[in-house]
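Colleague: Need coordinates for the below:
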Amino acid sequence: MKKLFFIQKFINLFSEIGEFHYALKPFGAKCVFASEIDNKASDIYEINHSLKPFGDITKIIKVD
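Modeller: Below you'll find the model as predicted:
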């Protein structure tokens with residue numbers, strides 16, 4: 001079977017419990033950053049994907 005996607009790494013913004021993560025994982029993609037403001041959804045995301053999402057996306061500080 002041919003792979004249609006060539007995504008190797010992705011970020012998951014407004015991640016909720018990780019639906020996007022589940023969609024890309026079968027293609028071998030790796031999530032390198034996730035963001036979710038809701039604490040309960042963030043906890044579930046961490047349980048499901050072993051990655052703790054950053055909280056409020058508006059609080060991300062740009063680093064040069």
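
Colleague: which residues in the chain form helices?
Modeller: Listed in chain order, the helices of the chain (DSSP state H) span residues 19-24, 39-49.

Colleague: So which of those helices is nearest Lys62?
Modeller: With respect to Lys62, and counting by Cβ to Cβ, the nearest of these is helix 39-49 at 22.0 Å. Every residue, glycine included, has its C-beta placed from N, CA and C.

Colleague: What is the neighbour count of Asn12?
Modeller: 21 (other Cβ atoms under 10 Å).

Colleague: before we move on, the earlier item: considering the helices of the chain, which stretch scores lowest in mean pLDDT?
Modeller: Within those, the stretch with the lowest mean pLDDT is helix 19-24, showing a mean of 90.

Colleague: what comes up buried for it?
Modeller: By neighbour count, with 16 or more other Cβ atoms under 10 Å as the criterion, the buried positions of helix 19-24 are 20-21, 24.

Colleague: what do you get for stretch 31-42?
Modeller: Within stretch 31-42, the residues that count as buried by 16+ other Cβ under 10 Å are 31, 34-36, 41-42.

Colleague: Of the buried residues of helix 19-24, which is the nearest to Phe10?
Modeller: After measuring those against Phe10 - Cβ to Cβ - the closest member comes out as Leu24, at 5.9 Å.

Colleague: export the worst-scoring helix or strand of the chain on mean pLDDT as PDB, just CAs?
Modeller: One helix or strand of the chain scores below all others by mean pLDDT, DSSP states H and E: helix 19-24, with a mean of 90. Presented in PDB, the C-alpha positions along helix 19-24 are these (Å, rounded to 0.1, in the frame of the first residue of the first chain):
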ATOM      1  CA  GLU A  19      -8.200  13.100  17.400                       C
ATOM      2  CA  PHE A  20      -5.700  14.600  15.000                       C
ATOM      3  CA  HIS A  21      -2.900  12.600  16.700                       C
ATOM      4  CA  TYR A  22      -4.900   9.400  16.100                       C
ATOM      5  CA  ALA A  23      -5.400  10.300  12.500                       C
ATOM      6  CA  LEU A  24      -1.700  10.800  11.700                       C
END
